[in-house]
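> sequence-free structure coming up:
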């Protein structure tokens, strides 16, 4: 536990090792709340996106929906319930390195990897932020070095950042001032490019807290979470280890494969599929009080999912293969 390693190896062991954080029976939902856990409206919104992808593809014989970083299958199960079988054409895949949860609906296919050939939607909700990366810090001489960490969370500066990692830093997250830090997102770029590469035809969506080259945080974003609270990031398997994602770099990595690319926010994306958080009219409280209470609760959940200071600030990276991104999701490149 006291061996010095880079953060990439330490995070891999702490999250995905035999006793890793994501191997625990309670799963991620036992420690933090994603959009999936916040409201069933989120699964409904993704289901509506599936329908629009299905229509754009001309309703293929088999429609794949792939949930990457599936946790304990909550979103995949919600999609099965919301979509039914789409006339027997639907295949829902949950991609997760943990074991299949006991009792999960047999209609959900459980796998450790994205299928090699996908026609449909690949949806990665808060996956890339848990793809382990190295962390760099500028030393007093102005040279970026790899940050090494021990099992108790103590850090020291290691070797100079070299090769592809150094090239990635220069292009996507230039560092100059001593003490400034960056998460080197190359493994995430590569993971996302492989994921988009599985699409035969369809749409790939990555949803995560994100930043772009014009607004990188000067000291990085590495954080730990346990039981709903932010804690000191320690790579001992006791907490989640996460860092925001350079979605612009991920988009570039898969650009050669993609027909179109859109970078938007969760707020805008959910508005595009009809999730707005608008309160029901007060007149409904008189004509149908029970319906008013239900609509008011739904509006509250929608407001949480689309809040510009919370979940609505998530970045949505959308890249299509063999189809156009529906125009309601905004500007395309």
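It's in. Just so it is clear, the structure is predicted and the values come from calculations on it, not from any experiment.
> Now the host helix or strand of residue 45: buried residues?
Applying DSSP states H and E as the criterion places residue 45 in helix 40-56. Buried residues in helix 40-56, defined by neighbour count with 16 or more other C-beta atoms under 10 Å: 41-54, 56. C-beta coordinates here come from the backbone N, C-alpha and C atoms, glycine included.
> Among these, which one sits closest to residue 122?
Proximity of these to residue 122 (C-beta to C-beta) peaks at residue 53, which lies at 10.0 Å.
> Quick check, residue 95 in contact with residue 71.
No. The criterion here is C-beta atoms under 8 Å, and residue 95 misses it with residue 71 at 10.5 Å.
> in the stretch 151-300 of the chain, which spans are strands?
155-160, 181-184, 199-208, 223-226, 229-231, 240-242, 260-265 (DSSP state E, counting those that start in this stretch).
> coming back round to it: tell me which of the buried residues of helix 40-56 is nearest to residue 63?
Of those, the one sitting nearest to residue 63 (C-beta to C-beta) turns out to be residue 54, at 5.4 Å.
> List the residues that contact that closest one.
Contact analysis of residue 54 by C-beta atoms under 8 Å, 6 or more residues apart in numbering lists 60, 63, 86, 120.
> Considering those residues, which possesses the most neighbours?
residue 120 (27 neighbours; other C-beta atoms under 10 Å).
> Identify the residue spatially nearest to the residue positioned nearest the centre of the chain, adjacent ones excluded.
With distances taken as C-alpha atoms, centre = their mean, residue 126 lies nearest the centre of the chain, 2.4 Å away. Closest residue to residue 126 apart from its sequence neighbours, by C-beta to C-beta, 6 or more residues apart in numbering: residue 34 at 5.3 Å.
> Is that neighbour in contact with residue 129, as I believe?
No. Using C-beta under 8 Å, residue 34 is not in contact with residue 129; the gap is 10.6 Å.
> between the two, who's got more neighbours?
Per other C-beta under 10 Å, whichever of residue 34 and residue 129 has more neighbours is residue 129, with 22 against 18.
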